[in-house]
Every structure is written in structure tokens, then in C-alpha cells.
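> the following block contains a protein sequence and its predicted model.
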Amino acid sequence: MTKNCFYCFALGAVVLSMVAFTACSNTSKKVQQDGSKTELPANAVEIDYQHHIYCDVLLRDSIPARMIFDTGCSNILLDSTFYADTFGKSGALRKAMVGGAGNGKELVNLDTNKWSYSIGEESKTEDMAMVVNLRRIVGDRADGMFGMVFMQGKRVEFNYADGWMRFLPAEEKIGDDFTRIQCKWLDKEMRIVIPLSLQLDNGYVFEGNFLIDTGMAGTVSLNSTTAQNLQKQQHLANARCMIYAVGGIGGSREDYVFKSPQISLGNNVIKDVRVVWAGNNQGAMADMRYDGLIGNELLDRFDVIFDFVNCAVYLRPNRNFNRAEPNDFGIAMTPKVDHWIVNGLLEGGNAEQAGLRRGDRIETINGIRANDSKISDLYPLPDKITLTIRRGGDYVDVTISKE
């Protein structure tokens, strides 16, 4: 890795509160899950937001791919299965050790051919692509990721609620209804760090700098060093441990879950937010240059403009701003084509006590499969759910109450 330096902080499976996935296309109207149609602004392209931001990407002018936009990932990244099925052995592969959200580093392949790709009218060519088993981390719906190399020098608006993104023309003025937050660059203008205030149970307010990571499906995650300092000062307590078999590139992960009475982002105050602090002592969550990560499940309460020219973020509350936290069952799942895999469990939680194990294959939730057209009927999740688990050739029903 002489020319390009890869960063990838994807945090993988999401806690059990996900919604149905629908494919996206570049049309003037987007069909929402309730059947309504949303008019897209001029020059906007459709995205599918399902805890991650999925985009339609065209690789090498002709090959369609569904890829996640991840600000924690600098360069283009392709899932190894998608790469093998689509490109075979066409690439000149090299080996490299790469770290990420997991508690260590991982051996990956690099295709050192040129890689051109485009979204709508915007395009980019990179010197190489990382090839990694991405679906093991984020599920079968992703063919790859793209990151900050594509976004350098651009202003980009993401509408999480209505499902579109657009690149702002240089002459367009951003409306006064957006709040501007000045940020800081990290790693040669590859990543953005934003100021955030976090209130803890004892009333103490922690003010820190958090890395924006759209590859993270959660809200806010304190890194291990920040958490240790707050513990020493007796500000951080009453957290419960969530252990992931696959926590991101680099392996397993431990999170400690707690509830923040309020979080302040600019002049926006969000109440009762599920937050975690990292137990890992290696990887992205042990980096002392920032205090933690801010992910999609906090950002999705806003219309967001990332100003990658002036290192700023603009926020405007959307219709999801005051939503209640979804029911938490202490399960983190990786979505597959027609089922889910249990990736993380809350230690001593209701799911674990009911007999659920990491690696279990969930066939149905309340009788509905992952690829069922009725999957939207699951949400919002009730206070109790029944999972059908497949272990070997046996099927077991497990009923779990919310935490």
C-alpha cells in the first residue's frame, strides 16, 4: 500500500429494530414503504436508508453494484463474494493488513487495477480497491462500500427521511433553516470530527469531538480511552455488555450500552438516546485522536449537508427528530437473503436467558422472513417477539421480551 491508505470503520450488524430493504433507482419519484411517492429534487439520486446508506453505483461504466456510503472508509471496497462472481481473477491481487472497528487487524486483498465508478453524474477513478468479506459484517445486501475519496471537494445533501442524496452546485446557498457546525479534518482531509455534548446519568455533561461515521448503524459510541477516563472520574456507570462475534473489520467487539438523558449537536437537543462505549483496546474504537463515533441513527433525525470543501456539517431536523427509541431486545443481527444471523447478544439479557446464541440462524420474526413482503408489518416492534431459530435440522421457537 504505497499510494493509497485505507480506513474502514464499518460496525456491521444492527440491533434488532431494522426495517425492510427496497432496491433503489435513479427516478424522479421514490416509492415509500406505505405506497406514497416522494418527488425527488432536481439532480438528486435515490438512496435506500436501512441503518446504512445504500446507493446504486456503476463500476467500470457498466457493472451495477449496491454499495454503502461510509465516511469512515476512505477508498472503494468490494465484497469478496461479489468480486469473485463479477470479476473472477481479473485483478492483480496483493495482501495487506487492515484495521477497523474490530479488536485487531485483518488480512485482506487489494486489486491494484484502476477502478472507475459513478453515482448519477458524479464519477471517480481510484488506483486500487480493497477486497474483503464485507457481507460477513453488514449482511448480504451490500456489494461494497465507497468513502471519502469520492466525496472530496464536494457538498452533499442526504435526506434520510425521504431517501435521496444530491451534490450541491458551487453557487447554491444553503438555507437559513439549517444549523451550521464547524468541524475539523483528520487524516489529510479524509475524515471529519464534529463537536458533540453528551449528558450522563449523574448530570455530568461531557463535551468532546466525535468522528462522523456513516458506516456505523448506531447513534453514538464513546471510544475506550474516553470511557476509561469517565469511569475514573465516576461519571460512567450502569452500562450493560453487548458482545459481537463480528464487530467490523478486525474481528470481534464489545460494547457497553447505556442511556444518555440528552445529546446536543449544535443547537439541537435529542432526548433519551441509546449510547455505547467501546470495550476494545485496539482498532478504531481505541483511537485517542477523537472521543468516539457518531453514526446514522443519530444523523437520520436530520436533513444533513456534508460540506467537504469547508469542513462543516449543516443539520435541519426532519420528521424523525422527536421519535422514541425503538424497543431493544439485546440482539444484533446480520441480514442475509432470507434470514438473519445472530451476531451480538446482551450479556445476561432476555435473549441470552431465553437460549439464543451468537451464530444462530433466525428463520422468522413473528412468523415473517427477512425477504417477506410483509416485513414492514413487524415495525414498530411490539414488547414481545417470537423468533424461529434453525439449529442444524431442528427448528426452535424462542419468545423474548424487550429489555
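Structure received.
> what's the helix or strand for Asn327?
Here Asn327 is covered by no helix or strand, with elements defined by DSSP states H and E.
> could you pull out the helices for the protein?
Taking DSSP state H as the criterion, the chain contains helices spanning 80-87, 135-138, 148-151, 224-232, 296-299, 350-353.
> okay, those in TSV with mean neighbour count, mean pLDDT and distance to Val108 next?
Glycine gets a C-beta too; all of them are placed from N, C-alpha and C. Putting the helices of the chain into TSV (neighbours: other CB atoms under 10 Å; pLDDT from 0 to 100; distance: least, CB to CB, whole Å) gives the following:
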stretch	mean neighbour count	mean pLDDT	distance to Val108
helix 80-87	16	93	9
helix 135-138	23	90	12
helix 148-151	20	95	17
helix 224-232	18	93	24
helix 296-299	24	97	24
helix 350-353	18	96	32
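> what would these look like in TSV with distance to Thr399?
Rendered in TSV, the data for these read as follows (distance: least, CB to CB, whole Å):
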stretch	distance to Thr399
helix 80-87	34
helix 135-138	28
helix 148-151	44
helix 224-232	34
helix 296-299	26
helix 350-353	10
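> can you say which of those helices is nearest to Ser74?
Across these, Ser74 has its closest neighbour in helix 148-151 (5.2 Å, CB to CB).
> which strands and helices sit next to the closest one?
Helix 148-151 sits against strand 122-126, with contacts defined as 3 or more CB pairs under 8 Å, 6 or more residues apart in numbering; DSSP states H and E.
> closest to Gln262 out of the helices of the chain?
Closest of those to Gln262 is helix 296-299, at 12.1 Å (criterion: CB to CB).
> contacts for the closest one?
The contact list for helix 296-299 (CB atoms under 8 Å, 6 or more residues apart in numbering) reads 49, 51-53, 158, 160, 212, 214, 216-220, 263, 265, 270, 273.
> how near is Ile365 to Thr86?
Here the criterion is CB to CB, to the nearest Å. By it, Ile365 lies 31 Å from Thr86.
> before we move on, what about Glu171?
Distance check for Glu171 against Thr86: by CB to CB, it reads 39 Å.
> and Gly218, by the same measure?
In this view, Gly218 and Thr86 are 30 Å apart by CB to CB.
> can you check Arg180 too?
Summarising the geometry, the distance separating Arg180 from Thr86, computed by CB to CB, is 41 Å.
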